[in-house]
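A.B. asks: Could you look at this predicted model? Sequence included:
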Amino acid sequence: MKNKEVLKKYIIFTIVVFAIFMIILAIVNHIQYSSYNRNSNLAINQIINNIKKSYPEADINEIIQILNNDNLEQTDFLKEYGINIDKDTAVLSNQQDSKLFIIINCSILLTLLIVIICIFVKYNKGQNKKISEITKYIEDINRGIYTLSIQENSEDELSILKNELYKITVMLREQSENSIKDKMQLKKSLEDISHQLKTPLTSITIMLDNLLDNPNMDVDIRNDFIKSIYREISNINFFIQALLKLSKFDVNTIKFNRKEEKIRDIIDQAQQNVETLCDLRKIKIETIPDFGQAPFRNPEVVCDIKWQVEAITNIIKNCVEHSESGTKISIKYGKNDLYSEILIEDQGSGIDPEDLKHIFERFYKGKNSSKDSVGIGLSLAKTIIEKDNGYITVESEMGKGSKFCIRYLNG
């Protein structure tokens, strides 16, 4: 398996300890051997010394030869004094040293065994501790507790597992937080939707009640009520359709059919969509090709024309709703080496500076919003434009009007 650093460290440490004890045993054995030699040599030296004193004519070389003879004759002479040649030693100091060194060797081996056991007990204890921690972390995660910080710097398998578990914890915590945010956003959206629908539905209910309660109502008043009901139903229908479209963008289920389209065609189709509204409010739309930035005639842009017409329609509609009767809306368009551009400018009441930074937010209605505004058209327009590699900005001056700038990057 990968990265067995801790186990490797313990194995190396065990080998080092084992090697040290083997060296100690070798040194002890060497000392034991040296002690036996010294004791035996001292005894032999004393024997030779005594022989020399008792028998001066004795040949010491002959004694040395006898000691070094490989074919010594085995006799039971020492047995008479209670000494077994195979089991006992005639030099009593060797026997004492032998017992001492047996005790020393056994102590060394026992110590070695204890140290090795301690090493692996410590290793297993550490591993069991990590396993217990991981088990506890998993139990906490199962209980929905994600406030854990368990990053490790070591690289053994359990530490790697803990780090991976930490990553999972962070991911689950983010998902949990996002889920809470999504629920809060859903709650807010439902409140906004409820609010947007409540007002026109209340108006429709009141007008229908009046129509039902007054069958002999004046024809002009009745027609005004019917027109108002129709207008409110149209607003509700627009709101619901825009909301459905935004929800499709939110879940990324809309596929754009992009190809080169003439900017003038997009503007003309959008203008046709608001002709009735413009006629009712006596507002004129003026379309101006702007070739001042670069010599592009009848410029084109790569986009999905259906959706871009939707976006431009919503922007023009917003301008119409905020323009005074009898005023004009100008639409300029052009292209340069970097981008294609559409400028839509009205002569309306303008946008309050406090509202300007929120103007593209969903369900946002500024201070100067018309009673028919549902606060969703500009948000949908921005979403569509950005999906087609574009961006939109707005400038406004109170009492003078607003100017929307839409740019699509070339290529």
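C.D. replies: Structure's in. What do you need? Numbering: from 1, shown residues only.
A.B. asks: quick one: the helices in the protein?
C.D. replies: For the chain, the helices defined by DSSP state H occupy 5-54, 60-67, 92-142, 157-213, 219-250, 263-273, 275-281, 305-321, 353-356, 377-387.
A.B. asks: burial measure for Y33, as a count.
C.D. replies: 11 (other CB atoms under 10 Å). Every C-beta, even on glycine, is put in place using the N, C-alpha and C of the backbone.
A.B. asks: Which residues lie in contact with F101 in this structure?
C.D. replies: V28, N29, I31, Q32, S35 (CB atoms under 8 Å, 6 or more residues apart in numbering).
A.B. asks: Make a ChimeraX selection of the buried ones in those.
C.D. replies: Selection of buried members from the contacts of F101 for ChimeraX, criterion 16 or more other CB atoms under 10 Å:
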select :32,35
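A.B. asks: which of the contacts of F101 lies closest to E397?
C.D. replies: V28 (100.2 Å; CB to CB).
A.B. asks: got a list of what that closest one touches?
C.D. replies: Counting by CB under 8 Å, 6+ apart, V28 touches F101, I104, N105, I108.
A.B. asks: E386 too?
C.D. replies: So E386 contacts I392 (CB under 8 Å, 6+ apart).
A.B. asks: State the distance from it to N29.
C.D. replies: For E386, the distance to N29 equals 85 Å [CB to CB, to the nearest Å].
A.B. asks: what do you get for Y137?
C.D. replies: In terms of CB to CB, Y137 sits 52 Å off from N29.
A.B. asks: cool, S402 as well?
C.D. replies: S402 sits 101 Å away from N29, going by CB to CB.
A.B. asks: got it, and E139?
C.D. replies: Here the distance between E139 and N29 works out to 55 Å (CB to CB).
A.B. asks: Tell me the backbone dihedrals of the residue lying farthest from the centre of the chain, please.
C.D. replies: Taking CA atoms, centre = their mean as the measure, the residue most remote from the mean C-alpha position of the chain is E57, 101.0 Å away. Torsion angles at E57 (phi, psi; degrees, to the nearest 10) stand at phi -80, psi 0.
A.B. asks: Kindly report the same for F256.
C.D. replies: The phi/psi pair for F256 (degrees, to the nearest 10) is phi -90, psi 140.
A.B. asks: Could you give the number of residues near it?
C.D. replies: Using other CB under 10 Å, F256 has 13 neighbouring residues.
A.B. asks: Ok, K130 next?
C.D. replies: Neighbours of K130 under the rule other CB under 10 Å: 20.
A.B. asks: Then K400?
C.D. replies: Neighbourhood size, K400 [other CB under 10 Å]: 13.
A.B. asks: Same check on the one 5 residues further on?
C.D. replies: Other residues within reach of C405 by the criterion other CB under 10 Å amount to 15.
A.B. asks: gap between it and T135?
C.D. replies: 59 Å.
A.B. asks: so where is the stretch 51-200 of the chain shaky, pLDDT-wise?
C.D. replies: Low-confidence segments of the stretch 51-200 of the chain, defined by pLDDT under 70: 66-67, 69-92, 94-95, 141, 144-164, 176, 182, 185-186, 188-193, 195-196.
A.B. asks: tell me the most buried of the helices of the chain?
C.D. replies: Highest mean neighbour count among the helices of the chain (mean count of other CB atoms under 10 Å): helix 305-321, with a mean of 22.
A.B. asks: which strands and helices sit next to it?
C.D. replies: With contacts defined as 3 or more CB pairs under 8 Å, 6 or more residues apart in numbering; DSSP states H and E, helix 305-321 has these neighbours: strand 259-262, helix 263-273, helix 275-281, strand 328-335, strand 339-345, helix 377-387, strand 401-409.
A.B. asks: Including mean pLDDT and distance to I351, could those go into CSV?
C.D. replies: Converted to CSV, these look like this (pLDDT from 0 to 100; distance: least, CB to CB, whole Å):
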stretch, mean pLDDT, distance to I351
strand 259-262, 90, 29
helix 263-273, 91, 21
helix 275-281, 86, 18
strand 328-335, 91, 15
strand 339-345, 91, 13
helix 377-387, 88, 11
strand 401-409, 91, 5
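A.B. asks: Point out where the stretch 201-350 of the chain drops to low pLDDT.
C.D. replies: For the stretch 201-350 of the chain, applying pLDDT under 70 flags the ranges 291-297.
A.B. asks: Next one, pLDDT for K371 please.
C.D. replies: pLDDT recorded at K371 is 57.
A.B. asks: I meant R362, not that one.
C.D. replies: pLDDT for R362: 77.
A.B. asks: Against F239, how distant is it?
C.D. replies: For R362, the distance to F239 equals 12 Å [CB to CB].
A.B. asks: what's near enough to touch S330?
C.D. replies: Here S330 is in contact with I285, E286, T287, I288, L343, I344, E345 (criterion: CB under 8 Å, 6+ apart).
A.B. asks: Of these - the most surrounded one?
C.D. replies: That'd be I344 among those, by other CB under 10 Å, with 24 neighbours.
A.B. asks: Looks like Y333 contacts D265 (just checking).
C.D. replies: No: here Y333 does not reach D265: they are 10.8 Å apart, not a contact under CB atoms under 8 Å.
A.B. asks: shared neighbours of those two, anything?
C.D. replies: Counting by CB under 8 Å, 6+ apart, Y333 and D265 have no contacts in common.
A.B. asks: From one end of stretch 209-228 to the other, what's the distance?
C.D. replies: Terminal residues of stretch 209-228 are spaced 14 Å apart (CA to CA, to the nearest Å).
A.B. asks: How about residues contacting that stretch?
C.D. replies: S203, M207.
A.B. asks: mind running it again at 6 Å?
C.D. replies: Contact partners of stretch 209-228, identified using CB atoms under 6 Å, 6 or more residues apart in numbering, comprise M207.
A.B. asks: just stretch 333-346 next, same as before
C.D. replies: Residues from elsewhere that reach stretch 333-346, judged by CB under 6 Å, 6+ apart: 263, 290-291, 293-294, 296, 299, 301, 315, 319, 323, 329-332, 401-410.
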